[in-house]
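**Q** Provided below are the primary sequence and the corresponding predicted coordinates.
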Amino acid sequence: MSKPTVIVVGNGMVGYKFCEKLVTKSSGFRIVVFGEEPRRAYDRVHLSEYFAGKTAEDLSMSSASWYADNNIELHTGDPVQEIDRQNKTIHSLKGLTLQYDYLVLATGSSAFVPDLPGLEKDGVFVYRTIEDLDQIKACAANAKSGVVMGGGLLGLEAAKALLDLGIEQAHVVEFAPRLMPRQIDSAGSAMLQSKLEKLGLQIHLNKNTSSIEGDHCITGLRFNDYSLLETDMLVISAGIRPRDELARLSGLHVGSRGGIMVNERMQTSDESIFAIGECALYENMIYGLVAPGYEMADVVVAQITGAEKSFKSFDMSTKLKLIGVDVASFGDAFASEPACRTIVFEDTHKGIYKRINISNDGKHLLGGILIGDAEAYNMLLQTVNNKIALPPNPEDMILGARGGEQAEGAGVMSLPDDALICSCEAISKGTICNAVNDGATSLDAIKKCTKAATGCGGCAPMVKDLIAGTLKANGEYVKNVICEHFDYSRQELYDLIKINELKNYDIILDHFGRGDGCEVCKPAIASILSSLWNDVIAKQGTIQDSNDRYLANIQKGGTYSVVPRIPGGEITPEKLIVIGQVAQKYGLYTKITGGQRIDMFGAHVSDLPDIWEELINAGFESGHAYGKALRTVKSCVGSTWCRFGLHDSVSFAIEIEERYKGIRAPHKLKGGVSGCIRECAEAQAKDFGIIATEKGWNLYVCGNGGSKPAHAQLLAADIDSKTCIKYLDRFLMFYIKTADPLTRTATWLDKMEGGMSYLKNVVINDSLGIAEKLEEEMQLLVDSFHCEWKEVVNNPELRKRFNHFVNSPEEKDPTVKFETMREQIKASW
Amino acid sequence: MEILTEIEWMLACYTDDVPENGGACVKHGNEQIAIYNFSRRGEWFATQNLCPHKQQMALSRGMIGSSGETCEPKVACPFHKKTFSLLSGECLSGEDYQIKTYPVKVEDGKVYVGIV
């Protein structure tokens, strides 16, 4: 007997999740998926990350082979055109006709576009698919101003995209008198608005658009109060409209305002056809979030595999990070007196607004709103959903306990086992704790075996707390240690070494470690010693990673490359000539690096001191290209030559490179300074990037290129040079002191609880009270700079270490071989 | 029982030619031998200089250390951090490589490597 066929129409997040859930439940179905878009299902929730550097592949819900691995037939770029309900067949655009036993409509939604004159003009977009994003990106390249129509959740996401794309004047236009009218109240909206305005968004409320102005291209928006907002582009993100046209055409019942009507089993008016996700209308409601869509998928899987499950109205609580601002709304957010009592906390200085609604008897939490700081969200939501009795002072829940005993019953471990932790995947606390007991003791392991925290990721901190809590309850102790020789994290070792003023690896190993060390802890401690005391690293050469031991980068074949520092990429003709002469004399291959300097390859280890002696005599210094240290501060040509330049980016880049040169960190550090918004120095792809503005500099941090590119994020805007250096001192030193070994700034920030807002608080608001100390420690490193190569060149003992054969110092490694390519040498390999 | 008579002791270098807790390379005919001065343990080791993973003459420039309960002495190749036991020459990074090891003796500040 052949398997019954399930056809899924629509390959969005919910359609994909349905397939995933079905294949894990049963292998007794043939599954065929038709999708309109040209690619596999992708994560639309995190769509704006596409502008922040993620690729379409990164956003993909599954690997390329997932469908094939699970015997699912996927037809992309081939939407279903017709359903023949009599014969139970579908007909696709590309001409396929297929019989179904069950049909699942997961057609999703399209952007709601109000009927306005001028919609057809160039520069008008919707914000929905990767293709939309590509078009927006292309247009933004030449746009100075942009408007998003819609101040709801999606609208603000789109506004973030405009900011990420470097639109100078970004506006949000909202019809309602407040932002996110469905989630937050007026006071919360006001707080959100002031935070967003600080980030450079201009917000216009109570604005009813009457037409789109312009001839061929958009030039502005006209409102019904006759005012005009000029703009180069418009992104419409005013809501969603369920895609019900196929259902309508097939005679299925649809709602008067759109949406395919379903019952609690997700069945449409035809019992073998189901509808799930944003196209489904349940009890007159469209659920525009991903979690209820996944729940619907689960219900349909239950129906066709013969299990019992029905859909109940779904909790629409949400927590989001909108343009870096926490926004959360949970339970009954709008309940007000006299139906309940409300407690409100407002801090306009920090931009925090919190409101909780509690029952009149003071026993239960009903709901609330959090703006600016949503750390308490998960616990508050659990308190609502599990009807947990409130502490005697419920205000502690949003203010924290102030003096006296910590409120009883706080913490995730006090939740009942059936408390829902991951609402995207419907995973309970009990399931997670059991998985921990079965040996899944890391977030990744939990993700793998339970799928918790794989959706929106919002529950990840709670899952981590549950892992730690469960292990602790079992009497196990969890620690982040650097390797088998030390029971300490890098940060702990840093503090221990500092307090005890230790300067030698072996002594540190005797004090705090065991065994003889290894290739993990040696360079990690070498880096800490260097960050603390800035001694000449060659004096403890054998604890350094190979490149640091020979102060050069080892290359294929065992030769080394030589990179003198060229601060800011500025070099005199005289020095250029010296580099040419040295390279010629020692037969080196030369290439310009990505960091705006010149790399010389193919140096024998025994030639290194001689090469450097010549370079140093000509005024060069080590470029630290071999070290986990500051590499380069790349610059554009800036206002001295460029007709667009606002400030002298080269001078500032040189000043910064000179300041931080030689400073060792947990990983390499790269910087950039651009003289205007055109960003020719690609500063936003660096660990720190500085971009000139009309009023000063914008400072971005925690970006990188490489295998996992990350866009740097704005730390401070329109600051002067002095403040910029002050913040950089604090930021870099905080990173040096707290990051794990070999962790770039972007990953460090990723792992940091509280993320960018926490970092801002530490660096700008000095929330930990350590800013002055960080500055002092940085100044110490700046003042103790020395050129490592100069130390070696002038020290015969250290020079001796640069021979290939100790029993035949004159002889070079005979296995090194070169061949010729484009008139230069190349390692023969 | 080990047959000691077949070992030919070659004077490789002087003890201060090899940095403490590190390695250096010596030439023996066409062979390159890495010698390690594991001063923390008061021991000397020698292996081939060639890392079998990517055929690089580099082991003498690697970091040394120990691993596991038994404190097995090891060297990590500077190229891709494959680690090898200094006692058995076995690859400790879970791959099927094997390097040659040599006996070492130190007398009067001189380091001798035993060539079999």
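**A** Great, that's in hand.

**Q** Could you pull out the buried residues of the longest helix anywhere in chain A?
**A** Selection of the longest helix in chain A by residue count, based on DSSP state H, yields helix A:721-738. Across helix A:721-738, burial judged by 16 or more other Cβ atoms under 10 Å in any protein chain shown covers A:724-738. C-beta: built from backbone N, CA, C; applies to glycine.

**Q** cool, and stretch A:483-497?
**A** Counting neighbours by 16+ other Cβ under 10 Å, one finds that the buried residues in stretch A:483-497 are A:483-486, A:488-494, A:496-497.

**Q** Show me which residues of the stretch 501-650 of chain A are close to chain B?
**A** In this structure, the stretch 501-650 of chain A approaches chain B at residues A:506, A:509, A:515-519, A:521-523, A:541-543, A:545-547, A:549-550, A:554, A:556-558, judged by Cβ under 8 Å from any Cβ of the partner chain.

**Q** Mind checking which of those land in strands?
**A** Among these, DSSP state E puts A:I554 in strands.

**Q** and chain B, which of the buried residues of stretch A:483-497 reach it?
**A** On the criterion Cβ under 8 Å from any Cβ, A:484-485 are the entries of these that sit beside chain B.

**Q** Please enumerate the strands of chain B.
**A** For chain B, the strands identified by DSSP E occupy B:8-14, B:22-28, B:31-38, B:43-48, B:50-51, B:56-57, B:63-67, B:72-76, B:83-85, B:101-102, B:104-107, B:110-115, in order along the chain.

**Q** Now mean neighbour count and mean pLDDT too, for these, in CSV please.
**A** Written out in CSV, the entries for the strands of chain B read as follows (neighbours: other Cβ atoms under 10 Å in any protein chain shown; pLDDT from 0 to 100):
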stretch, mean neighbour count, mean pLDDT
strand B:8-14, 16, 92
strand B:22-28, 22, 95
strand B:31-38, 24, 96
strand B:43-48, 21, 97
strand B:50-51, 23, 94
strand B:56-57, 21, 92
strand B:63-67, 25, 95
strand B:72-76, 23, 96
strand B:83-85, 23, 95
strand B:101-102, 20, 95
strand B:104-107, 14, 94
strand B:110-115, 19, 93
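
**Q** With distance to chain A added, can I get the ones you listed in a markdown table?
**A** Listed next are the strands of chain B as a markdown table, based on distance: least, Cβ to the nearest Cβ, whole Å:
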| stretch | distance to chain A |
| --- | --- |
| strand B:8-14 | 5 |
| strand B:22-28 | 3 |
| strand B:31-38 | 7 |
| strand B:43-48 | 10 |
| strand B:50-51 | 8 |
| strand B:56-57 | 5 |
| strand B:63-67 | 3 |
| strand B:72-76 | 4 |
| strand B:83-85 | 7 |
| strand B:101-102 | 14 |
| strand B:104-107 | 14 |
| strand B:110-115 | 9 |
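
**Q** now those strands in CSV, with distance to A:Q779?
**A** Formatted as CSV, the strands of chain B follow (distance: least, Cβ to Cβ, whole Å):
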stretch, distance to A:Q779
strand B:8-14, 44
strand B:22-28, 33
strand B:31-38, 39
strand B:43-48, 43
strand B:50-51, 42
strand B:56-57, 41
strand B:63-67, 32
strand B:72-76, 36
strand B:83-85, 40
strand B:101-102, 49
strand B:104-107, 47
strand B:110-115, 46
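
**Q** A:D648 is nearest to which of those strands?
**A** With Cβ to Cβ as the criterion, A:D648 lies closest to strand B:63-67 of these, at 43.6 Å.

**Q** gap between the closest one and the chain center?
**A** Centre-to-centre, strand B:63-67 and its host chain are 12 Å apart (Cα atoms, centre = their mean, to the nearest Å).

**Q** near chain B, which residues of chain A show up?
**A** For chain A, the residues in contact with chain B (Cβ under 8 Å from any Cβ) are A:484-485, A:506, A:509, A:515-519, A:521-523, A:541-543, A:545-547, A:549-550, A:554, A:556-558, A:801, A:804-808, A:811, A:813, A:815-816.

**Q** Generate a PyMOL selection restricted to the buried subset of those.
**A** Selecting in PyMOL just the buried members of the residues of chain A next to chain B, where the criterion is 16+ other Cβ under 10 Å, is done with this command:
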select buried, chain A and resi 484+485+506+509+515+516+517+518+519+521+522+523+541+542+543+545+546+547+549+550+554+557+558+801+804+805+806+807+813+815+816
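
**Q** Take the residues of chain A next to chain B and keep only those in helices.
**A** Cross-referencing the residues of chain A next to chain B with the helices (criterion: DSSP H) gives A:506, A:509, A:521-523, A:546-547, A:549-550 as the overlap.

**Q** These: which two are farthest apart?
**A** Among those, the pair separated by the greatest distance (Cβ to Cβ) is A:L509 and A:Y550, at 23.1 Å.

**Q** got the contact list for the closest residue to A:P523 other than its chain neighbours?
**A** Ranked by Cβ to Cβ, 6 or more residues apart in numbering or on different chains and with sequence neighbours excluded, the top spatial neighbour of A:P523 is A:D545, at 4.2 Å. Counting by Cβ atoms under 8 Å, 6 or more residues apart in numbering or on different chains, A:D545 makes contact with A:519, A:522-523, A:526, A:628, B:63, B:78.

**Q** ok, and the closest non-adjacent residue to A:M180?
**A** A:G152 (5.7 Å).

**Q** sorry, back to before: tell me which of the buried residues of helix A:721-738 is nearest to A:N378?
**A** Lowest distance from A:N378 to the buried residues of helix A:721-738 (Cβ to Cβ) belongs to A:T738, with 24.3 Å.

**Q** Mind giving me the packing neighbours of the helix or strand hosting A:A435?
**A** If you go by DSSP states H and E, A:A435 is part of helix A:429-437. For helix A:429-437, the contact count by 3 or more Cβ pairs under 8 Å, 6 or more residues apart in numbering or on different chains; DSSP states H and E identifies strand A:420-422, helix A:443-450, helix A:460-473 as packing neighbours.

**Q** Kindly provide the distance from A:S92 to A:Q81.
**A** 6 Å (Cβ to Cβ, to the nearest Å).

**Q** between those two, who's got more neighbours?
**A** Set side by side, A:S92 and A:Q81 show more neighbours around A:S92, with 18 against 15, by other Cβ atoms under 10 Å in any protein chain shown.

**Q** Tell me who's in contact with the closest residue to A:T723 other than its chain neighbours.
**A** Among residues not flanking A:T723 along the chain, A:A716 sits closest, at 7.3 Å (Cβ to Cβ, 6+ apart). When contacts are counted by Cβ under 8 Å, 6+ apart, A:A716 is found next to A:698-699, A:723-724, A:727, A:760, A:763-764.

**Q** I figured A:L116 hits A:S211, correct?
**A** Yes: A contact is recorded between A:L116 and A:S211 when judged using Cβ atoms under 8 Å, the distance being 6.0 Å.

**Q** just to revisit the earlier point, what's the closest of the contacts of A:D545 to B:I33?
**A** The shortest gap between B:I33 and any of those belongs to B:P78, at 16.9 Å (Cβ to Cβ).

**Q** Backbone torsions only: list them for the closest one.
**A** Here is the backbone geometry of B:P78 (degrees, to the nearest 10): phi -70, psi -20.

**Q** Now for it: which residues touch it?
**A** For B:P78, counting by Cβ under 8 Å, 6+ apart, the contacting residues are A:545-547, A:554, B:58, B:61-63.

**Q** got JSON lines for these, with distance to A:Y589 too?
**A** Listed next are the contacts of B:P78 as JSON lines, based on distance: Cβ to Cβ, whole Å:
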{"residue": "A:D545", "distance to A:Y589": "23"}
{"residue": "A:S546", "distance to A:Y589": "20"}
{"residue": "A:N547", "distance to A:Y589": "18"}
{"residue": "A:I554", "distance to A:Y589": "15"}
{"residue": "B:A58", "distance to A:Y589": "20"}
{"residue": "B:R61", "distance to A:Y589": "21"}
{"residue": "B:G62", "distance to A:Y589": "25"}
{"residue": "B:M63", "distance to A:Y589": "28"}
